[in-house]
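Enquirer: just need the structure, nothing else, for what follows:
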Amino acid sequence: MLNKEIFISIVVPVYNTEQYLDECLQSILKQTIIENIELICVNDGSSDNSLEILNLYKEKFPNMIIIDQKNSGAPTARNNGIRVATGEYVYFIDSDDYIINDNCLNELYNVAKKAFLDILNFNHLILKNNSLKKVSIKRENNKIYTGKEYISTAEKGNITNPPWDKLLKRSYLKEINFSYTSGIIHDDAEALLRLFYNAKKVSFIDKFVYVYRIRANSITNSEKTEKGIISTKKILETYTYYYDLENDKGVKRFIKSLIFNRLVSYYDLILGKEEFINKYLDNYESFKSSYLNKLERYFIENEEKYLTKYKNSKNKLAKKINLNYLIRRFRKRYLKN
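Expert: Okay, the predicted model is just below:
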C-alpha cells in the first residue's frame, strides 16, 4: 500500500463480468487522484476469469485490495468492502459499468470535502444497445439539505435507489452502523431511507459521472419468485418503520408513495401463484389496512387487474372505474408530477 492519504475507497462487487471488467477498472485507474484512491474489488465467487483479471491489475496497482468470497450476492460484497475501507469517502461501482471522466472523482471529492457532506448525489447515464441516455436528478445544484429535508422534498425522479450515484462519508456509514441487507432483491431500495434519514448534510451536484450498462442477460425474473415476495416484504417493513417513526408531513408523504408503489408490486407478486396467495395474502392485508386509504386499496386491487388481466371481465365494478382519474389523483397527492 502506498503511503498516501486515501480520499475515496471504491468498492467493486465482481461476479462473472470478465467481458466488462477491464473497462470498469481502466476508468478507475485513469482518475487524476488515483494515488489517493483505494480500490477494493470483491470477487463474489465468479466462475469465469474475473478473479484472474483482478490479480493482474493487483500487480500494477498497489492500492488495490482483492477479497475473494463464496457467492453471496452484491449486498454482502459491498458490506465486506465497507469493512476494510479506509478512505474518507466510499463509492460503489458495479463491475460491468464505468465512470466517464478522468477528473470526476476529484471533483466529487472536493465538493463533498469542502461542505463536510455525508452524502453527495449526482447524475448518471444508461448504456443500452450501444446508446447512451442521460438520467438527470431534478435538484437544485449544490444546495445543502439534511437527510430528512432531502427526503421531504423528494418527488419522482429526484431521489434514487442505486448505490453508484452517491459519494458516502465513511464515518457517517459507521455512525449509523450502515450495511446492505443480504439475501434480498433490490437491496438498494431497502437501504434508501436508512441511508438518508439521519444524514446531517446532503447535497446534489449536476454532473454526469457514471454509466450504468443494461445487458440483455442481466435482467432477471427472480422478482417473480418467492424470493421476490420476501424481498418486497422486507422493503415494506423498512418503509413502514420509518413512516410510523416520522411526524414531518413531507417525509411521510414521500414514504407513503414508496409504500404504495411497493404494495402494488407485492399484490401483483402474490397473485402469481395460489401457494403465494395462501402464504402471503394475510401479510398484504395487514399492510393494506394499516397504510392505505380506500382509494389506494381500490387502485391496487382493481385498476391494475383491470388494465392487465380483466379488460374483458364481466365485473361491472371494474368496467366503471376511470383509471386515468385515479392515477392523476394519486400522483397529485403523493408524487407531485
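
Enquirer: for Asn106, see how far away Ile137 is.
Expert: Distance, Ile137 to Asn106, using CB to CB, to the nearest Å: 21 Å. Quick note: C-beta positions are derived from backbone N, CA and C, even for glycine.

Enquirer: for Ala154, that is, sorry about that
Expert: From Ala154 to Asn106 the distance is 28 Å (CB to CB).

Enquirer: of those two, who's got more company?
Expert: Neighbour count, other CB atoms under 10 Å: between Ala154 and Asn106, Ala154 has more, with 24 against 18.

Enquirer: tell me how many other residues crowd the residue nearest to the more buried one when sequence neighbours are not counted.
Expert: Residue nearest to Ala154 in three dimensions, not counting chain neighbours: Phe254, with 4.6 Å by CB to CB, 6 or more residues apart in numbering. Phe254 has 26 neighbouring residues, counting by other CB under 10 Å.

Enquirer: now swap in Lys207 and tell me
Expert: 16.

Enquirer: can you show me the strands along this structure?
Expert: 8-14, 37-44, 64-69, 89-92, 98-99, 119-128, 131-135, 144-145, 166-169, 202-213 (DSSP state E).

Enquirer: now mean pLDDT and distance to Tyr239 too, for those strands, in JSON lines please.
Expert: Listed next are the strands of the chain as JSON lines, based on pLDDT from 0 to 100; distance: least, CB to CB, whole Å:
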{"stretch": "strand 8-14", "mean pLDDT": "98", "distance to Tyr239": "25"}
{"stretch": "strand 37-44", "mean pLDDT": "98", "distance to Tyr239": "27"}
{"stretch": "strand 64-69", "mean pLDDT": "98", "distance to Tyr239": "29"}
{"stretch": "strand 89-92", "mean pLDDT": "98", "distance to Tyr239": "22"}
{"stretch": "strand 98-99", "mean pLDDT": "98", "distance to Tyr239": "30"}
{"stretch": "strand 119-128", "mean pLDDT": "96", "distance to Tyr239": "19"}
{"stretch": "strand 131-135", "mean pLDDT": "93", "distance to Tyr239": "23"}
{"stretch": "strand 144-145", "mean pLDDT": "97", "distance to Tyr239": "20"}
{"stretch": "strand 166-169", "mean pLDDT": "98", "distance to Tyr239": "19"}
{"stretch": "strand 202-213", "mean pLDDT": "96", "distance to Tyr239": "19"}
